[in-house]
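Visitor: just coords:
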């Protein structure tokens, strides 16, 4: 067993001492999956870094014990800990784009891990690396092993990270959002691979994720974390059948699906509180729809849940003798009015789009061989509507979106048309624009990138990041107007206003994604290309963002090209769906028709791989 005993992690920050983890105890058993879930910023990823002793420079272990086979890993020297990392405990990091060395071929990075932790060397290590790339679903692994990370999609880089970690054959695996960037078919393949390893080798898995569908299908035990503490821990079946903590119940109600189209999701108001403050009572009380008078002053202990099986514990005063309610209204928002109908008003027409990359060049520099990333794609988007592009990683979804916003001009050969219909009736081909006309089009068409960390300048504070676009595309705003707009934006996307004075590295992955969304919204575009905008978000923040996107669409007539692998999100927000495979659209139509009665075998395969949470929530 890998035992986590009352671990405390402190970080020194400008605002004061941050208690990122405040007394955690968990036990990870060989052959079992323990899922750690909770909102972005609650301490999940910091837990993973603490277990690997990879805390940032301003972080330290302030107490507790990490026991592996009777040895406290916190007492080991750094040299001995390097043998434990990878060899005994492996880790899949949340952001593959920043975890892979950009100047090393992916195969060299996997071989390096194999040679460091196994007896294989040279050709044998390379052969094993190819085999692992094949097992995690990388096409043509014999060729792709010599690619650099930048030549791979976000999902493919994630699979490389998984292959690198598993190739070292660890006893325990800490997986921090391992399937976030993966489409549903590859996700199902990776999860089945992890299950096979558990059966064959007794792999112990600590799964950190916000995807409750994955948790429902994978986990044996679930721990729900909030503001640095575990607030509920239970066997997985019991957690989904009868969650006890109000926070757990609200999370399950926030999941999007077709049954909730047309109504707001149950987004939890507010955000996770800053962990540098001193807490007197329950940390969730300010956001709880069942808060009582004593919740703000009496800190609840983690104790056995009443009328539940052994091992189900909850940190809540509801299950004590203190019962005086505050009468706070429910966190579930009232239904919003319907969206304005704008049928027939075209905003964007994409005709026969082709995007080709040069694979090799001739003696005089001309390309000899091309790879067709997008091969003759056509679709249209109406004002105030959402088109979802779905398909496997590497099928061309992101490439199509980047081509529309003119980010591939110097990297690829682009053919076809992207006709943008103006408010005044003027039609412009985005691929033919330049200079001031292109700058005006970029205000109308914005993009939210898949990897929030790579898309944010690490040297700029959040306020500077958000003001860049405003200064370039909305020069009529003065400094005071820009600051007022930024305050409204961070409120809308669920961040505190003090976030404006911080740098990107000071935020979690989900918080960085909210910054990226705010940046796209700042210039008030007409069309937003959303490239996996909710993939890094937990379900409660995802609900906030989806509610926000729907409300903005209703109020401003915004249109979205929604690139995603989350079918639940597609069912909830999309009007039309286009399914892509190998650079082509193989099926398209209205959302309810394509997802309800798919005609293509590929579409049926995608839908069959979607993990679902059984909605069996009972009364507390």
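Guide: Right, received. Where do you want to start? Bear in mind the structure is a predicted one, so any value in this text is a computation, not a measurement.

Visitor: can you list contacts of the helix or strand bottoming out on mean pLDDT in the chain?
Guide: Least confident helix or strand, the chain: helix 96-99 with a mean of 76, by mean pLDDT, DSSP states H and E. Helix 96-99 is touched from outside by 93, 149, 154, 157-158, 160-161, 181, 451, 453-454, with contacts defined as CB atoms under 8 Å, 6 or more residues apart in numbering. In short, each C-beta sits where N, CA and C put it, glycine included.

Visitor: and which of the residues you listed is nearest residue 41?
Guide: Among those, residue 453 lies closest to residue 41 (CB to CB), at 14.8 Å.

Visitor: tell me the confidence at the spatially closest residue to residue 244 that is not a sequence neighbour?
Guide: Nearest non-adjacent residue to residue 244, counting by CB to CB, 6 or more residues apart in numbering: residue 314, 4.3 Å away. Here the pLDDT value assigned to residue 314 is 94.

Visitor: how about the helices in the stretch 51-200 of the chain?
Guide: Ranges of helices within the stretch 51-200 of the chain are 78-87, 96-99, 106-117, 122-135, 141-144, 154-167, 184-201, based on DSSP state H, counting those that start in this stretch.

Visitor: against which helices or strands is the fifth one packed?
Guide: Okay, so that is helix 141-144. With contacts defined as 3 or more CB pairs under 8 Å, 6 or more residues apart in numbering; DSSP states H and E, helix 141-144 has these neighbours: helix 122-135.

Visitor: can you tell me what sits against the helix it packs on?
Guide: Outside helix 122-135, the residues that touch it by CB under 8 Å, 6+ apart are 106-107, 110-111, 114-115, 118, 120, 141-142, 144-145, 159-160, 163-164, 166-167, 193.

Visitor: which of the residues in the least confident helix or strand of the chain are buried?
Guide: Residues of helix 96-99 classed as buried by neighbour count (16 or more other CB atoms under 10 Å): 96-97, 99.

Visitor: tabulate those (TSV), appending distance to residue 358.
Guide: Below are these laid out as TSV (distance: CB to CB, whole Å):
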residue	distance to residue 358
96	25
97	23
99	28
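
Visitor: name the nearest of these relative to residue 297.
Guide: For the buried residues of helix 96-99, the nearest to residue 297 is residue 99 (42.8 Å; CB to CB).

Visitor: check contacts around residue 154.
Guide: For residue 154, the contacting residues are 96-97, 181, 393, 398, 450-451, 532, by CB under 8 Å, 6+ apart.

Visitor: lowest-confidence member of these, which is it?
Guide: Where pLDDT dips furthest among those: residue 181, at 65.

Visitor: now do the helix or strand encompassing residue 379: distance to the chain's middle.
Guide: Using DSSP states H and E, residue 379 sits in strand 367-382. Computed by CA atoms, centre = their mean, to the nearest Å, the chain-centroid distance of strand 367-382 equals 27 Å.

Visitor: buried residues in it?
Guide: Those would be 373-375, 377, 379, 381-382, for strand 367-382 by 16+ other CB under 10 Å.

Visitor: other SSEs contacting that strand?
Guide: Against strand 367-382 (3+ CB pairs under 8 Å, 6+ apart) you get strand 346-361, strand 386-391, helix 397-404, strand 413-421, strand 559-563, strand 584-590.

Visitor: about what we covered before: quick check, nearest of the buried residues of strand 367-382 to residue 39?
Guide: residue 381 (31.8 Å).

Visitor: quick check: which ranges of the chain have low pLDDT?
Guide: 181, 321-344, 360-368, 509, 536, 614-620 (pLDDT under 70).

Visitor: turn the buried residues of strand 367-382 into CSV, including distance to residue 76.
Guide: As requested, the buried residues of strand 367-382 are exported to CSV (distance: CB to CB, whole Å):
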residue, distance to residue 76
373, 46
374, 50
375, 53
377, 53
379, 56
381, 56
382, 60
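
Visitor: could I get the helices and strands packed on strand 367-382 as JSON lines with distance to residue 71 and mean neighbour count?
Guide: As requested, those are exported to JSON lines (distance: least, CB to CB, whole Å; neighbours: other CB atoms under 10 Å):
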{"stretch": "strand 346-361", "distance to residue 71": "50", "mean neighbour count": "17"}
{"stretch": "strand 386-391", "distance to residue 71": "46", "mean neighbour count": "25"}
{"stretch": "helix 397-404", "distance to residue 71": "44", "mean neighbour count": "25"}
{"stretch": "strand 413-421", "distance to residue 71": "57", "mean neighbour count": "18"}
{"stretch": "strand 559-563", "distance to residue 71": "46", "mean neighbour count": "26"}
{"stretch": "strand 584-590", "distance to residue 71": "53", "mean neighbour count": "16"}
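
Visitor: quick one: closest of those to residue 236.
Guide: Short answer: strand 386-391, nearest of these by CB to CB, at 27.6 Å.

Visitor: which outside residues touch that closest one?
Guide: Contacts for strand 386-391 (CB under 8 Å, 6+ apart): 183, 379-381, 397, 400-401, 553, 559-565, 567, 570, 573-581, 591, 606.

Visitor: just to revisit the earlier point, deepest in the core, which of the helices of the stretch 51-200 of the chain is it.
Guide: helix 154-167 (a mean of 26; mean count of other CB atoms under 10 Å).

Visitor: that helix: how far from the chain's middle?
Guide: 16 Å.

Visitor: do the same with stretch 297-312
Guide: The answer for stretch 297-312 is 30 Å, by CA atoms, centre = their mean.

Visitor: likewise for stretch 71-84?
Guide: 31 Å.

Visitor: same deal with stretch 510-529?
Guide: That offset, for stretch 510-529, works out to 15 Å (CA atoms, centre = their mean).
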